[in-house]
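In: Fold the following.
(one chain, ligands or ions: 1)
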Amino acid sequence: MPVQKGADIAPAKGKLGVLLVGLGAVSTTFIAGVEAIKQGLAEPIGSLTQMGTVRLGRRTDNRVPAIKDFVPLARLEDLVFGAWDIFPDSAFEAATHAGVLEKELLGQLRKPLQKIKPMKAVFDQNYVKRLSGTNVKKGKHKLQLAQQLIDEIADFKKKYKCDRLVMIWAASTEIFMKPHAVHRNLQSFEQAMRENHKAIPPSMIYAYAALKSGIPFANGAPNLTVDVPALMDLANEKGLAVCGKDFKTGQTLMKTILAPGLKSRMLGLHGWYSTNILGNRDGEVLDDPESFKTKEESKLSVLEYILQPDVYPQLYKDFSHVVRINYYPPRGDNKEGWDNIDIFGWLGYKMQIKIDFLCRDSILAAPIVLDLALFLDLAQRTGMKGVQEWLSFYFKSPMTAPTLYPEHDIFIQLMKLKNTLRHLRGEDLITHLGLEYYD
Ligand SMILES: NC(=O)c1ccc[n+]([C@@H]2O[C@H](COP(=O)([O-])OP(=O)(O)OC[C@H]3O[C@@H](n4cnc5c(N)ncnc54)[C@H](O)[C@@H]3O)[C@@H](O)[C@H]2O)c1
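Out: All right, here's what the predicted structure looks like:
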């Protein structure tokens, strides 16, 4: 049942526990950032929930509230963090190792970060070839591992007196997997867990544990994870919100900003060549061809959907799209992404665009984690269940209803997100028609 206009939204009272799978560069940059903002050391730059506004009514009405005043979101002061990782390092040590934030800033945040110690992970090296760690759970079969997670989640909620929880996958990218017959329904899925079937990677065990515990789930990596019928049925049955996949940062963010612009002017594309150098642990994991394949699929689909070669064959038929990621340790988290874009215009005349984006992956990802935690919690309090397509804005491979193609154009995604908020609050949607100003 779609949510009605002017829905009843339960207030955001009490603590919101944010459970992060993976306490690496993204998670620690997110947690440290929230702590820094709470202490008044920094501004929440890049976060729509903290800095964004939403226009209401006519352009002449001057009603432009901040999103966080317009819809009831959890306050940063009410967030509590928990995590799992295969390394036992605290959030302070992990953030120091990740090397994203300066030592001086981390020094000021040492106390809250040191308190966050990761719980033992559900991990299997068959799914992430380049990693091995010691902080790992043991269990006879995968269902038993899921039960351990479920127990831990309940303990965490009690210990930190959380009113509500959300879970976000920010752990390493697993190898490429296709949907399997055992994912078809919950019964076959649970049976497969009991039999330690290889079609059930750790990420699915976490997603299952979250949903069984009544917690909404977001997937920040391109793994299949929750995007299988068995788990989506479970989410719908339990009335839980779900979204994914793969945080939209860096090069793909640029692609979904630029490609709609080229298409809007009916400029053609011969080819788009993208390459990256990246030196963090994520880069190391993605150096494995099987993990890279998962990422590549996620990155490649974007242009096809935005440019619609079937609708505009003269402009976009058979364009060449290549994506490379090279692991280059000296760069750490400070990725460099190059794009060479071969376009053509009037009378077929060729032109080129070059982008050299010196970006910081986790700096771009951290505010996404914050927004997703707050919006997922909002969706949950509003009774929105299943795939949250309005959160496509944050993902490289947005999840959709099975019969729909994903919307990748970032401007359409943003309009959809804000219109969803207007709808929830019983306000008119903005169509940008604007004829009324000329009556
Ligand atoms: N940084 C970005 O801009 C960005 C964008 C899109 C997606 N992502 C994805 O987000 C994820 C995190 O990125 P990162 O840069 O923080 O990577 P990272 O390598 O710094 O952190 C990932 C952490 O996950 C842990 N881990 C791996 N498997 C685990 C498991 N089964 N259970 C618990 N912990 C596990 C690793 O030990 C590591 O500490 C990656 O999958 C990455 O591809 C990142």
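In: now the helices for the stretch 101-250 of the chain?
Out: All helices of the stretch 101-250 of the chain, identified by DSSP state H, counting those that start in this stretch, fall at 103-108, 110-114, 142-159, 186-194, 202-212, 229-238, 250-264.
In: just how off-centre is the third one within its chain?
Out: Taking CA atoms, centre = their mean, to the nearest Å, the mean C-alpha location of helix 142-159 is offset from the chain mean by 23 Å.
In: Buried residues of it, list them for me.
Out: K142, L143, L145, A146, Q147, Q148, L149, I150, E152, I153, F156, K157 (16 or more other CB atoms under 10 Å). For the C-beta atoms, the positions are set from N, CA and C on the backbone; glycine is no exception.
In: Would you mind naming what in the stretch 301-439 of the chain lies close to the ligand?
Out: Within reach of the ligand by CB under 6 Å from any ligand atom, the stretch 301-439 of the chain has these residues: D361, S362, L364, A365.
In: Now that the last one has come up, it's in contact with F247, right?
Out: Right, A365. Yes. Checked against CB atoms under 8 Å, the pair A365 and F247 is within contact range at 4.8 Å.
In: number of nearby residues for D163?
Out: Number of residues near D163 (other CB atoms under 10 Å) recorded here: 16.
In: any idea how far M232 is from N223?
Out: 15 Å (CB to CB, to the nearest Å).
In: Between these two, tell me which one has more neighbours.
Out: Per other CB under 10 Å, whichever of M232 and N223 has more neighbours is N223, with 30 against 20.
In: That one contacts P202, correct?
Out: No. In this structure, N223 is not within contact of P202 by CB under 8 Å, at 9.2 Å.
In: what about the residue nearest to V18 when sequence neighbours are not counted, distance to L364?
Out: In this structure, V18 finds its nearest non-sequential neighbour in A373, 4.7 Å apart by CB to CB, 6 or more residues apart in numbering. To L364, A373 is 16 Å away according to CB to CB.
In: Pull the residues that contact stretch 284-299.
Out: 128-131, 172-177, 221-223, 245-246, 251-252, 274, 278, 323, 325, 327, 396-397 (CB atoms under 8 Å, 6 or more residues apart in numbering).
In: Which positions in it come out as buried?
Out: 284-288, 290-296, 298-299.
In: list the contacts for R164?
Out: G14, K15, L16, G17, A74, D377, Q380, R381.
In: Name the nearest residue to K137, sequence neighbours excluded.
Out: Excluding its sequence neighbours, the residue lying closest to K137 (CB to CB, 6+ apart) is K120, at 4.6 Å.
In: Would you confirm that Y305 contacts Y405?
Out: Yes. Using CB under 8 Å, Y305 makes contact with Y405 at a distance of 6.1 Å.
In: So the two - more neighbours on which side?
Out: Between Y305 and Y405, counting by other CB under 10 Å, Y305 is the more crowded of the two (17 against 11).
In: check which helix or strand covers that one.
Out: Y305 belongs to helix 289-307 when assigned by DSSP states H and E.
In: what's the next secondary structure element after that helix?
Out: From helix 289-307, the next helix or strand downstream (DSSP H and E) is helix 313-316.
In: Partner strands of the following helix or strand past that next one and their direction?
Out: The helix or strand immediately downstream of helix 313-316 is strand 320-327, counting by DSSP H and E. Strand pairing for strand 320-327, using DSSP bridges, gives strand 268-278 (parallel).
In: still on that earlier bit, which of the residues of the stretch 301-439 of the chain next to the ligand tops the neighbour count?
Out: Greatest neighbour count in those, by other CB under 10 Å, goes to S362: 31 neighbours.
In: What sits closest to D78 if chain neighbours are left out?
Out: K15 (5.2 Å).
In: Output the set of residues of the stretch 51-200 of the chain in proximity to the ligand.
Out: 84-87, 98, 121-123, 128, 131, 133, 170-173.
In: What is the most widely separated pair among those?
Out: A98 and V122 (21.7 Å; CB to CB).
In: And L391, what's its pLDDT?
Out: Note for L391: predicted pLDDT of 98.
In: swap in M1?
Out: M1 carries a pLDDT value of 52.
In: Going forward, the N-terminal residue is numbered 12.
Out: Okay, using 12 as the starting number, the last item reads as M12.
In: now the helix or strand in which E46 is found, how far from the centre of its chain.
Out: According to DSSP H and E, E46 maps onto helix 36-49. Centroid separation between helix 36-49 and its chain, computed with CA atoms, centre = their mean, is 16 Å.
In: what does the helix or strand that that helix is followed by contact?
Out: Per DSSP H and E, the first helix or strand lying C-terminal to helix 36-49 is helix 59-62. With contact meaning CB under 8 Å, 6+ apart, helix 59-62 is reached by 48, 54-56, 77-79, 84, 87, 378, 381-382, 385-386, 404, 428.
In: Format the helices of the stretch 112-261 of the chain as JSON lines; extra columns: distance to D344 and mean pLDDT.
Out: Conversion of the helices of the stretch 112-261 of the chain to JSON lines gives the following (distance: least, CB to CB, whole Å; pLDDT from 0 to 100):
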{"stretch": "helix 114-119", "distance to D344": "14", "mean pLDDT": "98"}
{"stretch": "helix 121-125", "distance to D344": "17", "mean pLDDT": "98"}
{"stretch": "helix 153-170", "distance to D344": "28", "mean pLDDT": "98"}
{"stretch": "helix 197-205", "distance to D344": "35", "mean pLDDT": "98"}
{"stretch": "helix 213-223", "distance to D344": "22", "mean pLDDT": "98"}
{"stretch": "helix 240-249", "distance to D344": "31", "mean pLDDT": "98"}
{"stretch": "helix 261-275", "distance to D344": "11", "mean pLDDT": "95"}
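In: May I have the phi/psi pair for C370?
Out: phi -110, psi 170 (degrees, to the nearest 10).
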